[in-house]
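> Any chance you could fold what I've pasted below:
(one chain, ligands or ions: 1)
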Amino acid sequence: MRRKIVAGNWKMNKTNAEAVETLKKLAANIADIKGVSVVIGAPFTTLSDAVKAVEGTNVEIAAQNCNPKDSGAYTGEISPVMLKAIGVNYVILGHSERREYYGETNEFVNEKVKACLAHGLTPILCVGEKLEDREAGNTEAVVEDHTRGGFAGLTKEEAAKVVVAYEPVWAIGTGKTATPEQAQEVHAFIRKLLTSMYDAETAAEITVQYGGSMNAANAAELMAKEDIDGGLVGGASLDADTFAIVVKGAL
Ligand code: PGA
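Below is the predicted model:
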């Protein structure tokens, strides 16, 4: 059965020293928690120290992006091989900010998903509609397009290792969270879609997180829903005390 995974997405925040301090505090705060995986998506500049800071604790480290190639002339890029070599376990891929500001397509995201799986990294594949999509009644079409795009060409064994993060773009950083019912509706749709793409057993293995203004006050209610298997948390993951409360919402 799938795991509950609560992941913080720090985005472009925290110097190395700030990151290490927050991670140590977070690890202490959640030291006795079992049954939920806790992950922090930290900036590239701190990943190496971040992995060391959480060694022997319940916290694991994610990168927020990667290049699909192993190495080569790709100025400014970081490969899955480099991430694996320093002890990173997860990579956040296809975040709406990367799709929107850096033109990332489903095809490019799919290449990254495959590269991460090939190197033993767990991809966190972000999918989700913009406000105009929702208002036009296109939520399911957009979510299906992102999901099919990200999973393209994966065997069911590979698919079972992917984490999906449903993040309605209108809820990211806006304080406007989807209601638990709204989120559950889309999560159930994703599960049904994965069942049709693979089979019920595979779909039941795949962790589907909710993201978009998840916080200490709404996390438990969201994650209590049948198909909401954790969270991808931006703003509320920056503070170790706040994030510990969010994590406990998964229990
Ligand atoms: P937020 O960000 O929690 O600040 O809305 C979530 C995300 O972008 O992953």
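> got the contact list for residue 198?
156, 159 (Cβ atoms under 8 Å, 6 or more residues apart in numbering). In this view, the C-beta of every residue, glycine as well, is placed from N, C-alpha and C.
> The same query, at a cut-off of 10 Å, please.
151, 154-160, 205-206 (Cβ atoms under 10 Å, 6 or more residues apart in numbering).
> and which of those residues is nearest the ligand?
residue 206 (18.2 Å; Cβ to the nearest ligand atom).
> Kindly report the residues of the stretch 101-250 of the chain close to the ligand.
167, 172-173, 211-214, 232-236 (Cβ under 6 Å from any ligand atom).
> One more pass at 8 Å, please.
The stretch 101-250 of the chain comes close to the ligand at residues 126, 165, 167, 171-175, 211-215, 232-237, as judged by Cβ under 8 Å from any ligand atom.
> Present the contacts of residue 198 as TSV; the columns should include distance to residue 138.
Listed next are the contacts of residue 198 as TSV, based on distance: Cβ to Cβ, whole Å:
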residue	distance to residue 138
151	20
154	25
155	29
156	28
157	32
158	28
159	24
160	28
205	28
206	23
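> Give me the subset of these that lies in strands.
Judged by DSSP state E, strands contain none of the contacts of residue 198.
> just curious, which of these is nearest to residue 41?
Nearest to residue 41, judged by Cβ to Cβ, of those is residue 206 at 18.9 Å.
> Now rank the contacts of residue 198 by neighbours and give me the top one.
residue 151 (24 neighbours; other Cβ atoms under 10 Å).
> contacting residues for that residue?
106, 110, 113-114, 123, 125, 127, 158-159, 162, 164, 193-194, 197-198, 206.
> State the phi and psi torsions of the closest residue to the ligand within the chain.
The minimum distance from the chain to the ligand, using Cβ to the nearest ligand atom, falls at residue 234 (2.3 Å). For residue 234, the backbone dihedrals (degrees, to the nearest 10) come out as phi -90, psi -100.
> What separation is there between residue 8 and residue 240?
10 Å (Cβ to Cβ, to the nearest Å).
> out of these two, which sits in the more crowded spot?
residue 8 (29 against 19).
> What does the pLDDT read for the more buried one?
Here the pLDDT value assigned to residue 8 is 98.
> Can the helix or strand harbouring it be said to contact the ligand?
With elements taken from DSSP states H and E, the one containing residue 8 is strand 4-9. Yes: counting by Cβ under 8 Å from any ligand atom, the ligand has neighbours in strand 4-9: residue 9.
> let's number from 664 now, not from 1
Sure, I'll start numbering at 664, so the last one becomes strand 667-672.
> Sheet-wise, list the partners of that strand with their directions.
Using DSSP bridges, the strands paired with strand 667-672 are strand 699-704 (parallel), strand 893-896 (parallel).
> Run a quick neighbour tally on residue 729.
By other Cβ under 10 Å, neighbour count at residue 729 equals 25.
> Repeat that for the one 4 residues further on.
A total of 12 residues lie near residue 733 under the criterion other Cβ under 10 Å.
> Let me know the distance separating residue 877 from residue 670.
10 Å.
> Find residues that contact each of the two.
893-896, 900.
> Tell me which residues touch residue 739, please.
Contacts of residue 739 by Cβ under 10 Å, 6+ apart are residue 730.
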